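Asker: Fold the stuff below for me.
(one chain, ligands or ions: 1)
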Amino acid sequence: DTGIFTYDPGFATTASCKSAITFIDGDEGILLYRGYPIEQLAEHSTYLEVCYLLMYGELPNKEQGESFNHIISQHTMVHENIRDFIDGFRYDAHPMAMLVGTVGAMSSFYHDSLDINNPEHREISAQRLIAKMPTIASYCYKHHRGMPFMYPDNNLGYVENFTRMMFAVPAEDFTLNPVAVKAIELIMILHADHEQNASTSTVRLSGSSGANPFASIASGVACLWGPAHGGANEAVINMLDRILYSGETIEQVIARAKDKNDPFRLMGFGHRVYKNFDPRARLIQKMCYDLLKELGGDQPLFELAMELERATLEDEYFIERKLYPNVDFYSGIILRALDIPMNMFTVMFAMSRTVGWISHWMEMHEDPEFRIGRPRQVYTGAAQRDYPSGR
Ligand code: SDX
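Answerer: Residues are numbered from 1 along each chain as shown. Presented below is the predicted three-dimensional model:
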């Protein structure tokens, strides 16, 4: 502390901005989207209705909802050159690597005619991003699998369209799995926004320079990829697989998680803000239990997950530090149970969080006090000194 700025790793208590979009009370485990409790939205709403709420601040009436859904459905296609762009990636590129690149490249397809100082143009960008993310996400997956891309079918709902583009092939009829659609809709609603998390703060900071929305969202995708953030759901399953094949006992795993000399952390546990149960985790935990009962599937892995959940909830170290299973612990398990490929978990998180990112980007541009972000530092380097003469 130099008396100018207090150093706070991770900016945990430094308010970086004002926002009216999402409210979190980490101690009480409260999460509100524009004032509505996440529990009620998860039970009664749809992902597109939540998109409208986050973007415009109010739930849509019938006409507004129908018009918004129609606009989204009319922009699900992407420029054919985007398919070629994705085809340029290595055959085994991680879908997140393709998503970062492709969303950034959208600047060259959809931005030139848009003026970000024009509120209507900002709204159009937001709608295009929400509409096209499922198409791009599924294209990245299909390229990774060397399978034919499926064009959107605008007669389907948003989540149905995505699951069809992901799993359908031209050679066969495709039957939607209603259990999968319901689970993905819930996961999308729960991941839509989360206040100033790392990736949303990244979008705000990059957008504050006047960068176009596609480039700003691409920076959010890049940040989300990290295993400490959005990459956690994929890291949860990798961790469970590794434990299964290593034969480690739960006791040995928990001992490693507590060992300060061991960099190992329990993926899917803990949260920077929630020092109570993540309200999203409670909602998705129930869906997870129901699904595992219904789908069966990879039992040893799921049994290990439930054992780990039980052990941590009873362990002093975790209780003291309020380290509970977070939303990523259960979403990773659900997505695995639905046979969603693991390298698509974070892509789906990004697809869902796009509306949160772009709502914050829009809110920032509408703020009359809007100016470029400039985090400060506490300097810990050498004091001023002269260059040695005669060197
Ligand atoms: C998301 O910000 C958001 O909102 C993010 C997110 C969103 O919707 O955008 O909610 C999504 O990113 C959820 C988090 C997903 N990440 C993981 O599941 C990765 C595993 N979790 C950890 O890496 C960690 O818990 C963090 C990154 C989530 C939080 O890290 P912090 O803030 O450093 O944790 P902390 O300071 O509260 O830790 C307190 C103590 C420390 O021990 P002590 O120094 O007090 O002895 O708990 C320990 C930590 O070492 N600890 C863990 C642990 N997480 C914290 N020990 C073992 N395993 C863990 N997972």
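Asker: Pick out the residue of this structure closest to the ligand.
Answerer: Nearest to the ligand, among the residues of the chain, is Gly270, at 2.4 Å (C-beta to the nearest ligand atom). Just so you know, the C-beta spots here come from the backbone N, C-alpha and C atoms, and that holds for glycine as well.
Asker: For the residue nearest to Phe89 when sequence neighbours are not counted, which residues are in contact?
Answerer: Ranked by C-beta to C-beta, 6 or more residues apart in numbering and with sequence neighbours excluded, the top spatial neighbour of Phe89 is Met98, at 5.1 Å. Residues near Met98 by C-beta atoms under 8 Å, 6 or more residues apart in numbering: 86, 89, 140, 143-144.
Asker: Among those residues, which are located in strands?
Answerer: Judged by DSSP state E, strands contain none of those.
Asker: Dump these into a markdown table; add pLDDT, neighbour count and distance to Pro152 as well.
Answerer: Listed next are the contacts of Met98 as a markdown table, based on pLDDT from 0 to 100; neighbours: other C-beta atoms under 10 Å; distance: C-beta to C-beta, whole Å:
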| residue | pLDDT | neighbour count | distance to Pro152 |
| --- | --- | --- | --- |
| Ile86 | 97 | 23 | 15 |
| Phe89 | 97 | 17 | 21 |
| Cys140 | 95 | 26 | 15 |
| His143 | 95 | 22 | 16 |
| His144 | 91 | 22 | 19 |
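Asker: Which residues of the stretch 201-350 of the chain lie near the ligand?
Answerer: Listed as neighbours of the ligand in the stretch 201-350 of the chain under the rule C-beta under 6 Å from any ligand atom: 228-229, 232, 257, 265-273, 321, 323, 326, 328.
Asker: if we go to 5 Å?
Answerer: 228-229, 232, 257, 265-266, 268-270, 272, 321, 326, 328 (C-beta under 5 Å from any ligand atom).
Asker: in whichever helix in the chain runs longest, what's buried?
Answerer: Secondary structure of the chain read by DSSP state H shows that its longest helix is helix 119-145. Neighbour counts over helix 119-145 (16 or more other C-beta atoms under 10 Å) mark 122, 124-144 as buried.
Asker: do stretch 67-87 as well
Answerer: 68-69, 72-73, 75-76, 78, 82-83, 85-86.
Asker: show me where the stretch 251-391 of the chain has helices.
Answerer: For the stretch 251-391 of the chain, the helices defined by DSSP state H, counting those that start in this stretch cover 279-295, 299-313, 316-320, 327-337, 345-366.
Asker: can you give me how far stretch 210-228 is from the chain middle?
Answerer: 11 Å (C-alpha atoms, centre = their mean, to the nearest Å).
Asker: Nearest the middle, which residue of the chain would you pick?
Answerer: Phe349 (3.3 Å; C-alpha atoms, centre = their mean).
Asker: isn't that residue right up against Ala235?
Answerer: No. Using C-beta atoms under 8 Å as the test, Phe349 is too far from Ala235 to be in contact (11.9 Å).
Asker: circling back to that earlier point, for the helix or strand encompassing the residue nearest to Phe89, which positions count as buried?
Answerer: Counting by DSSP states H and E, the element that carries Met98 is helix 95-110. With burial defined by 16+ other C-beta under 10 Å, the residues of helix 95-110 counted as buried are 95-107, 109-110.
Asker: List of residues touching stretch 179-191?
Answerer: 38, 41-42, 45-47, 50, 157, 159-160, 162-163, 280, 283-284, 287, 291, 294-295, 327, 331, 334-335, 338, 348-349, 351-353.
Asker: How about Ala305, nearest residue that isn't a chain neighbour?
Answerer: Excluding its sequence neighbours, the residue lying closest to Ala305 (C-beta to C-beta, 6+ apart) is Ile333, at 5.4 Å.
Asker: pretty sure that neighbour contacts Leu295?
Answerer: No. Using C-beta under 8 Å as the test, Ile333 is too far from Leu295 to be in contact (10.9 Å).
Asker: returning to what we had before: could you provide the helices of the stretch 251-391 of the chain in a markdown table, with additional columns for distance to Ala222?
Answerer: Converted to a markdown table, those look like this (distance: least, C-beta to C-beta, whole Å):
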| stretch | distance to Ala222 |
| --- | --- |
| helix 279-295 | 23 |
| helix 299-313 | 28 |
| helix 316-320 | 31 |
| helix 327-337 | 18 |
| helix 345-366 | 10 |
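Asker: in the stretch 101-250 of the chain, which spans are helices?
Answerer: Ranges of helices in the stretch 101-250 of the chain, per DSSP H, counting those that start in this stretch, are 119-145, 158-167, 178-190, 198-207, 213-224, 232-246, 250-258.
Asker: for the shortest one, packing partners?
Answerer: Helices and strands in packing contact with helix 250-258 are listed as helix 299-313; criterion 3 or more C-beta pairs under 8 Å, 6 or more residues apart in numbering; DSSP states H and E.
Asker: Now do the helix it packs on against helix 279-295, angle only.
Answerer: 150 degrees (axes from the mean of the first three to the mean of the last three C-alpha atoms, to 10 degrees).
Asker: Buried residues in helix 299-313, which are they?
Answerer: Neighbour-count burial for helix 299-313 [16+ other C-beta under 10 Å]: 301-302, 304-305, 308-309, 312.
Asker: helices or strands up against that helix?
Answerer: Judged by 3+ C-beta pairs under 8 Å, 6+ apart, helix 299-313 is in contact with helix 232-246, helix 250-258, helix 327-337.
Asker: most neighbours per residue, which of the helices of the stretch 101-250 of the chain?
Answerer: Ranked by mean neighbour count under mean count of other C-beta atoms under 10 Å, the helices of the stretch 101-250 of the chain are led by helix 213-224, which reaches a mean of 25.
Asker: For it, which helices and strands make contact with it?
Answerer: Using 3+ C-beta pairs under 8 Å, 6+ apart: helix 213-224 touches helix 95-110, helix 119-145, helix 198-207, helix 345-366.
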